[in-house]
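>>> Provided below are the primary sequence and the corresponding predicted coordinates.
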Amino acid sequence: MKYYLKKCWPTVTAASICMVVAYGLQVCTSLVQIQITQGLLDGDLRAFTIRIILLLLTWLAVVLCLIAETFFHGRAVRRMNNALRRDMAAGLLHKTHQEYHKQESGEYLSQFTNDVNQIEQMAWTPFFTIMGSAAQVVFGIVALASIHWLLLVISLVIALVMIFVPRLFSKRLGTVGTACAASQADSVSKIKDLLAGYDVLRFFGKDERFTSGVDAASDSMEQAKYKLTINKDGIGCGLAYVSAVCQVAVVILLGVLILNDMISLATFMGTGTICAGVYNGLNQVSKLAVSFSASKPYFDKITIHAGEAQLPDFGLPTLQEGITVKDVSFGYDEKKPILVHMNAEFKKGGKYALTGPSGCGKSTLLKILLGWLPGYQGKVLYDERDVRDYTPEQLQQKMSYIEQNVFLFNTTIRENITLGEHFTDEQMEKALRDSALAGDLANMPKGLDTPVGEEGNALSGGQKQRVAIARALIHNRSILLVDEGTSALDQKNADIVEKSLLSNPDLTLILISHHLSDERKAQFDHVYELTPASSIV
Ligand SMILES: Nc1ncnc2c1ncn2[C@@H]1O[C@H](COP(=O)(O)OP(=O)(O)OP(=O)(O)O)[C@@H](O)[C@H]1O
């Protein structure tokens, strides 16, 4: 929390100063009110009028400070929330491919939305309120001390009680807060899954499953939130009672002072307002301290990496000889090997196919080559060097990957191909030609600027795949890994794409395919046939 407050210190400081001044002035209004009452009791009309004007001006200053506070507070919250989300994104970039996929995307979504909202409610807003409350307490205590030293003593004792009592509950709130964050992430993930499966459920007439699924996820999220609120507010109510008891103690003390003629009636009347301010302020401070404790698990979860993303060192040399897979064994689960003592050689500029039954580990091998699954036994050499010496980011500088399930962003075809990078018209035309996408674009009125819809739903399966191929080709990496990248294409388009890939002498191609005709097989330098959990022929 401190990290973000420091990061946005100019606006945080400005908002805090406004809050402190506003509450400090509020205490002044109480002192002015004592003076007004005294003026009345003394029958001094001039003093009474002047003090009324002073009171109005002080209240005006309070209001102006509160308006300025709202402005700075809003800006500070916006900046801190942005910083939180930026750090969360940077944290994700620090994860390996495997680490990233351990959590579901719904859980990440929950962090970017729910958790940031919770932090705003339980940390940022209370922080600024606490500034005002602390000012109210400090100025109030100073004002009380100026009235009588006994009031100072009793205020300090009560302040200590109110500050230390919430600490007794911080551990419990931390636990409840952690459970609440986890439950929210789980619920968002479940709702996201149901939304993604909307078509399937409607198709099979499972409307009830859709609504009851949302219902269950919502209830579990709300239950966790309810538990957190009950705990937070319950402790808050207890603290409010302690505060009320303290106020009664002060009234008794004031009674003793007035009975002994140690303070005037006007002072007695005005002191009540100052005391109420002090104890309400103390009550707020202790309640907000409770809120900070509850927000801690959210910070622990989100600030995976509070700092700037470290960009990897991109010093991967261009491939000279080839990639060698030497005695590689791998299983996602130790007890269930997928690849066993596998050997293969992919020479620079060579064209290779991987075939084999479903589930035998073809995609797994590509992921190992991409550096996504470093936990294998054996060696994969990039020329003479172990690929584990390189980061996946370095490897991917020289490799393009066309995945089995194409992902398209909800933007235009152009953006999906370029990913925001600038390419010349010639580069674009070549990529469109070699991916057999040019024909499709000719039939689209907006051409490259056609929106693809959410997850590319406005395109056919084959068109989506051609966009992914164009994306891989335009980025012009010398090694291309294709995971059934032409499976959704009709024969004519598959021929165009495969011909262009096979005829490019600079391209090292490793292509997974289930269906290779003998004629097509002959065009590859080697076809590796994988068998389940065993070897390559
Ligand atoms: N992330 C994962 N966690 C656990 N198991 C996995 C994971 N990914 C794949 N597997 C399992 O590993 C095995 C090999 O999967 P892989 O995707 O490499 O097969 P494949 O040969 O490419 O199959 P297909 O031809 O059907 O695409 C399968 O049994 C699969 O269930």
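Happy to help now that I have it.

>>> Identify the residue nearest residue 332 in space, chain neighbours excluded?
Leaving aside its chain neighbours, residue 332 sits nearest to residue 338 (6.7 Å; criterion: Cβ to Cβ, 6 or more residues apart in numbering). C-beta: built from backbone N, CA, C; applies to glycine.

>>> Tell me the residues of the stretch 351-500 of the chain that contact the ligand?
With Cβ under 6 Å from any ligand atom as the criterion, the stretch 351-500 of the chain comes near the ligand at residues 358-364, 404.

>>> what about the strand or helix carrying residue 250, distance to the chain center?
Using DSSP states H and E, residue 250 sits in helix 207-259. Relative to its chain's centre, helix 207-259 lies at 28 Å (Cα atoms, centre = their mean, to the nearest Å).

>>> Could you identify the helix or strand that succeeds that helix?
helix 265-302.

>>> Compute the inter-axis angle for that next one and helix 207-259.
150 degrees (axes from the mean of the first three to the mean of the last three Cα atoms, to 10 degrees).

>>> in helix 265-302, what counts as buried?
266-268, 270-271, 273-275, 277-299, 301-302 (16 or more other Cβ atoms under 10 Å).

>>> Spatially, which residue comes closest to residue 473, not counting chain neighbours?
residue 431 (4.5 Å).

>>> What are the buried residues along the helix or strand harbouring the one you found?
Assigned by DSSP H and E, residue 431 belongs to helix 425-434. Counting neighbours by 16+ other Cβ under 10 Å, one finds that the buried residues in helix 425-434 are 428, 430-432, 434.

>>> what's the closest of those to the ligand?
residue 434 (24.2 Å; Cβ to the nearest ligand atom).

>>> ok so, going back, least trustworthy position among the residues of the stretch 351-500 of the chain next to the ligand, going by pLDDT?
Comparing pLDDT over these, the lowest score belongs to residue 404 (79).

>>> Wait, it touches residue 482, no?
No - counting by Cβ atoms under 8 Å, residue 404 sits too far from residue 482 to count as a contact (9.5 Å).

>>> Which one's more surrounded, these two?
Legend: neighbour count by other Cβ atoms under 10 Å for residue 404 and residue 482, higher for residue 482 (26 against 15).

>>> what's the burial count for the residue of the stretch 201-350 of the chain at minimum distance from the ligand?
Using Cβ to the nearest ligand atom, residue 332 is the residue of the stretch 201-350 of the chain that sits closest to the ligand, at 3.4 Å. Neighbour count of residue 332, defined by other Cβ under 10 Å: 12.

>>> what do you get for residue 506?
8.

>>> thinking again about what came up before, is it possible to export the buried residues of helix 425-434 to JSON lines including pLDDT and distance to residue 176?
Formatted as JSON lines, the buried residues of helix 425-434 follow (pLDDT from 0 to 100; distance: Cβ to Cβ, whole Å):
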{"residue": "428", "pLDDT": "92", "distance to residue 176": "55"}
{"residue": "430", "pLDDT": "89", "distance to residue 176": "59"}
{"residue": "431", "pLDDT": "88", "distance to residue 176": "54"}
{"residue": "432", "pLDDT": "89", "distance to residue 176": "56"}
{"residue": "434", "pLDDT": "83", "distance to residue 176": "57"}
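
>>> Quick check: of those residues, which lies closest to residue 105?
Nearest to residue 105, judged by Cβ to Cβ, of the buried residues of helix 425-434 is residue 431 at 28.6 Å.

>>> How about the residues of this protein by the ligand?
By the rule Cβ under 6 Å from any ligand atom, the part of the chain lying against the ligand is 332, 338, 358-364, 404.

>>> Where does pLDDT dip in the stretch 301-450 of the chain?
For the stretch 301-450 of the chain, the stretches with pLDDT under 70 are 302-315.

>>> so where do the strands sit in this protein?
Assigned by DSSP state E, the strands in the chain fall at 322-330, 339-347, 351-355, 377-382, 385-386, 399-402, 479-483, 508-512, 526-529.

>>> List the buried residues for the last one?
Judged by neighbour count using 16+ other Cβ under 10 Å, the buried positions of strand 526-529 are 527-528.

>>> Packing partners of that strand?
strand 351-355 (3 or more Cβ pairs under 8 Å, 6 or more residues apart in numbering; DSSP states H and E).

>>> On the pLDDT front, check the residue nearest the centre of the chain for me.
Compute the mean C-alpha point of the chain, and by Cα atoms, centre = their mean the closest residue is residue 112, 3.1 Å away. Predicted confidence (pLDDT) at residue 112: the value is 89.
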